[in-house]
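Engineer: Please work out how this folds:
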Amino acid sequence: MALKQQLEADVKQALKAGDGFRTSVLRMTQSAVHNREIQLLKKEAGLSDEEILEVIKGEVKKRRDAAGEFTKGGREELAAKELKEAELLAAYLPPEISDEELERILKEGIRETGAAGARDFGKVMKTAMPVLKNCASGDRISGALKKLLG
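Structural biologist: Modelled structure (predicted):
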């Protein structure tokens with residue numbers, strides 16, 4: 001089943017179950033997908049599953065960032081809500097690769113580019129990102145690469 005149809009089916013299921021939280025989060029996600037269709041001028045054709053995954057990743061990232069800010073501000077109840085929403089949406093994303101696999105791919109990228117230190121960070125990211133695009137979050141990739149480049 002296509003991802004857009006899966007979202008629609010899950011909204012209907014949440015509505016029937018009376019799950020207001022899940023309904024709200026999924027409707028906001030549908031709205032984000034719809035806005036992205038308008039932005040890309042694909043309202044008639046719709047977005048591909050890969051483009052929808054990008055929208056969902058963005059929504060997850062927004063919620064995790066908001067949770068971090070709420071935590072800094074001492075609003076733990078709001079941070080917990082944002083993390084719960086992020087967790088719900090993360091279920092639609094493919095599973096991330098292990099730390100060992102991430103490190104192996106990054107080391108391969110370092111070897112390919114001949115990177116010698118932190119100043120070559122951009123070169124390695126440019127070669128690694130196409131491989132890691134749907135496998136790990138950008139923050140996780142960046143952190144691992146900084147650690148490797150020392």
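
Engineer: Wait, Ala136 touches Pro95, no?
Structural biologist: No - judged on CB atoms under 8 Å, Ala136 makes no contact with Pro95 at a distance of 10.1 Å. Bear in mind the C-beta positions are built from the backbone N, C-alpha and C, glycine included.

Engineer: quick one: which of the two has more around it?
Structural biologist: Higher neighbour count among Ala136 and Pro95: Ala136, with 22 against 7, using other CB atoms under 10 Å.

Engineer: For that one, which non-adjacent residue is closest in space?
Structural biologist: In this structure, Ala136 finds its nearest non-sequential neighbour in Glu96, 5.0 Å apart by CB to CB, 6 or more residues apart in numbering.

Engineer: So what does the one you found look like in phi/psi?
Structural biologist: In terms of degrees, to the nearest 10, the main-chain angles of Glu96 are phi -80, psi 160.

Engineer: Kindly report the same for Glu112.
Structural biologist: Per-residue torsions, Glu112: phi -60, psi -40 (degrees, to the nearest 10).

Engineer: what's the pLDDT at it?
Structural biologist: On pLDDT, Glu112 comes in at 85.

Engineer: Tell me how many other residues crowd it.
Structural biologist: Glu112 has 12 neighbours, counted by other CB under 10 Å.

Engineer: go on, Glu50?
Structural biologist: Glu50 has 10 neighbours, counted by other CB under 10 Å.

Engineer: From Pro94, how far off is it?
Structural biologist: 11 Å (CB to CB, to the nearest Å).

Engineer: Which neighbours do those two have in common?
Structural biologist: Asn134 (CB atoms under 8 Å, 6 or more residues apart in numbering).

Engineer: Work out the gap between stretch 91-99 and the centre of the chain.
Structural biologist: The chain centre lies 9 Å from the centre of stretch 91-99; the measure is CA atoms, centre = their mean, to the nearest Å.

Engineer: wait, stretch 132-139
Structural biologist: With CA atoms, centre = their mean, you get 8 Å for stretch 132-139.

Engineer: now do stretch 81-90
Structural biologist: 11 Å.
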